[in-house]
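> Return a 3D structure for these sequence lines:
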Amino acid sequence: MKLPIYQIDAFTNEVFKGNSAAVVPLESWLPDAVMQAIAVENNLSETVFFVPGAEDTFAIRWFSPLKEIDFCGHATLASAYVIFEKNKDMPVIKFLTKAVGTLSAVKLQDGSIEMSFPKRSPEQLETIPSSLLEGLSIRPKEVLKNQQAYFAIYENEQEVKDVVPDLRKLIELGPLGVVVTAPGDDHDFVSRYFWPANGGEEDPVTGSIHAGLAPFWGSRLGKNNLVALQVSRRTGLLRCRIESDRVYVSGAAVQYMEGVIDIPSA
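Below you'll find the predicted structure:
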């Protein structure tokens, strides 16, 4: 069986930056074990599969090299980029997910893509897990948590850059990841994201966690429109807009590769 595959760098307009996702359009779902095997073979943060439905609707699923993921922003952006490139007149894309409802994507005038996510504001923790404190080389000034991750809050951007994770400790917090974040020097806020229990060591750019980061920093800074930088080695730029119970996250994407994969017939 031959399938098309695209590798897209998301939350950047330059190849070799942002976060790479493999995008595999399907006509119908493959067996879960086959999709997981493709994700392992690709060995990227995520491999995303989607199946078309009625009109502008697509069912979407995301797989890291370790497991199926409930919610992934950068691979959703990568999927929208591929679909918009093949459907120039499509005004909006609706992605149907198992865990987070319907996610929409629209192409903005500057060519970037804006996605609508559910707001997932983190809540303050009274007791901080010891594995988190032992797993971060710099002690955060406060810690919060939402459905996806622990939020370790720091004083400044340099502390976020300087944090060294002990992944043997952070994996004990699974299935939750850990995001470290602070006000930015030239951006509203910065972050890094560690997810050893679900995908790997450090995720280059994590769109989904901004469904929690944006409302947190929006409240702290008194702003509904924010610009965020994920300060991983590859870096990524995200623009966030908060409205009611939704967080709109936008970014650029660029194609690195287009090809064909050949797998045994399912």
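
> Spell out, range by range, the helices that occur in the stretch 1-150 of the chain.
Using DSSP state H, counting those that start in this stretch, the helices found in the stretch 1-150 of the chain span residues 32-42, 73-86, 130-135.

> Now render the ones you listed as TSV, adding distance to residue 121 and mean neighbour count.
Where you see a C-beta, it was placed from the backbone N, CA and C, and this is true even at glycine. Shown next, in TSV, are the helices of the stretch 1-150 of the chain (distance: least, CB to CB, whole Å; neighbours: other CB atoms under 10 Å):
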stretch	distance to residue 121	mean neighbour count
helix 32-42	30	16
helix 73-86	16	25
helix 130-135	19	16
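
> Out of these, the one nearest residue 168 is which?
helix 130-135 (7.8 Å; CB to CB).

> which other residues reach the closest one?
By CB atoms under 8 Å, 6 or more residues apart in numbering, the residues outside helix 130-135 that reach it are 139, 143, 150, 152, 165-170, 172-173, 178.

> Closest one of those to residue 118?
Of those, the one sitting nearest to residue 118 (CB to CB) turns out to be residue 150, at 18.9 Å.

> rewinding a little: now distance to residue 113 and mean pLDDT too, for the helices of the stretch 1-150 of the chain, in TSV please.
Shown next, in TSV, are these (distance: least, CB to CB, whole Å; pLDDT from 0 to 100):
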stretch	distance to residue 113	mean pLDDT
helix 32-42	22	97
helix 73-86	5	98
helix 130-135	33	98
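
> thinking again about what came up before, of the contacts of helix 130-135, which belong to helices?
167, 168, 169, 170 (DSSP state H).
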